[in-house]
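Visitor: Below: sequence and its predicted model.
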Amino acid sequence: MKRKLSVLQALFFPPEQPGGVSSMVPYIQEGFQKIGWEMELFYLPKRVRQKGSEEIRFETFDWTPYGGCPVVDKYIQTMKDYIWWTKLRMKSTPDVIHAHHPIAALVMKQLFPEIPVVMTIHSSYERELLLNRKIKEGGPEERFLTSLYGEMEAKLDRIMTASETFRGYLSAYLKEPERIVVIPNGFDERRFRPIAHENAVPQLITVCRLVPAKGIDILLQACAELKKRGHPFVLHIIGDGPIRKELEGMATDLGLYEDTIFYGYMLHPEEFMPFFDVFVLPSRAEAFGSVFAEAALCWLALIGTNVGGIAEQIEDGVNGVLVPVDDADALANGIEKVLVDPDFRYQLSRAAWDNAKQKYSLSRVLFQLKELYREVALPE
């Protein structure tokens, strides 16, 4: 019988933070603990800031020319803080460390070079900053952040990501991209309780952080067009972020004040989603898009943009609707198809549910991770 291992899941954010990592990792921990493996979560608390002072050096590039840029300086200081906190709090050494952020991965490998460290790259911070208009393309911040991929390739024992599309994105920055392991996210079905229902007025829902990268401005424009065409609906927006007030003002200016509800952040939106009809998120980029799989498991019809991991989850017209990025008219047309035809909506939602159950089960992720952990910790 193969030996059971101890694994540390090294996060950046606390697990209650919004996002695909938070919606999956605690359930991975529970699954491994049920089969007798030791698994703990480790992360940097929000209160730990400006504590670390250790010098930061990378093996594959010199970061100091990028110093002086606020994004870079904050990143480096956070690495110092993560080192300080890890030295303070790490009391035992696991068999494997599975990191979910570059800072966590590089710090753990620096402090525990003899322990295998694997890393899941869940998203592209530089693309997020570019889409959210925080940095300029080709600028020092982007060059610094993309240089980290080569550093991780040089130091870590394995790199994973959640979609083939995102592996393709990473390929531009790695020497051996074929070594990247693709493990799509998985979800514990017990979290999702779909409810058969018929709403008199179609209910649209989106769940995301309110930043430009998510395209909620395009969604509001599309909904304004739907209203002009005479289609009744209610749009429910779950999430918070720096452009919430801007989006609220936009909804008012577009005449959607009575048709749109902003809820703010919600820890477990999957408890809320089954009562709605259509999930729509016109992201401008998405490495995987966990929320689409979550919505599918709630029996919602899916509408998304033809980008990244969204396009890998949705086959247009079969288990959802795909539209081009930044095209409000195309999005309005896509939503209209689903709104006016309840039978089509039902067909999409059940096909999406079936697809998500088959491809994005938590048991599949647990099996794949178990094999990978053993491969790096117990080489033959």
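Guide: That came through fine.
Visitor: Tell me where the stretch 201-350 of the chain has strands.
Guide: 203-207, 234-238, 260-264, 278-281, 301-305, 321-323 (DSSP state E, counting those that start in this stretch).
Visitor: what's the neighbour count on the closest residue to residue 203 other than its chain neighbours?
Guide: Among residues not flanking residue 203 along the chain, residue 276 sits closest, at 4.1 Å (Cβ to Cβ, 6 or more residues apart in numbering). (Each C-beta comes from the backbone N, C-alpha and C, glycine too.) By other Cβ atoms under 10 Å, 22 other residues sit near residue 276.
Visitor: Give me the contacts around the helix-or-strand element of the chain with minimal mean pLDDT.
Guide: Sorted by mean pLDDT, DSSP states H and E, the helices and strands of the chain end with helix 20-34, the least confident at a mean of 86. With contact meaning Cβ atoms under 8 Å, 6 or more residues apart in numbering, helix 20-34 is reached by 7, 9, 11, 13, 15-16, 39-41, 100, 122, 162, 185-188, 191, 288-291, 294, 362-363, 365-366, 369-370.
Visitor: Just the ones in helices from those, please.
Guide: 290, 291, 294, 362, 363, 365, 366, 369, 370 (DSSP state H).
Visitor: who wins for neighbours among those residues?
Guide: residue 291 (27 neighbours).
Visitor: Just list the residues touching that residue, thanks.
Guide: 20, 207, 208, 269, 279, 281.
Visitor: give me that answer again for 10 Å
Guide: The neighbourhood of residue 291, defined by Cβ atoms under 10 Å, 6 or more residues apart in numbering, consists of 18-20, 23, 206-208, 238-239, 269-270, 273, 279, 281, 283, 302, 304, 310.
Visitor: can you point me to the longest helix in the chain?
Guide: Identified as the longest helix of the chain according to DSSP H is helix 70-89.
Visitor: Next, residue 199: secondary structure please.
Guide: Each residue gets one of three states, and residue 199 gets coil by DSSP: H, G, I helix; E, B strand; the rest coil.
Visitor: Count the neighbours of it for me.
Guide: Residue 199 has 12 nearby residues by other Cβ under 10 Å.
Visitor: The one 4 residues further on too?
Guide: When counting by other Cβ under 10 Å, one arrives at 18 neighbours for residue 203.
Visitor: Next: residue 354.
Guide: By the criterion of other Cβ under 10 Å, residue 354 has 12 neighbours.
Visitor: doesn't residue 296 make contact with it?
Guide: Yes. In this structure, residue 354 is within contact of residue 296 by Cβ atoms under 10 Å, at 8.7 Å.
Visitor: Identify the contacts common to those two.
Guide: residue 319.
Visitor: who touches residue 374 in this structure?
Guide: Neighbouring residues of residue 374 by Cβ under 10 Å, 6+ apart: 2, 3, 4, 5, 95, 96, 380.
Visitor: Make CSV out of the ones in helices among the contacts of helix 20-34 and add pLDDT and distance to residue 264.
Guide: Formatted as CSV, the ones in helices among the contacts of helix 20-34 follow (pLDDT from 0 to 100; distance: Cβ to Cβ, whole Å):
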residue, pLDDT, distance to residue 264
290, 92, 20
291, 94, 16
294, 94, 18
362, 92, 28
363, 93, 33
365, 94, 30
366, 95, 33
369, 97, 33
370, 96, 37
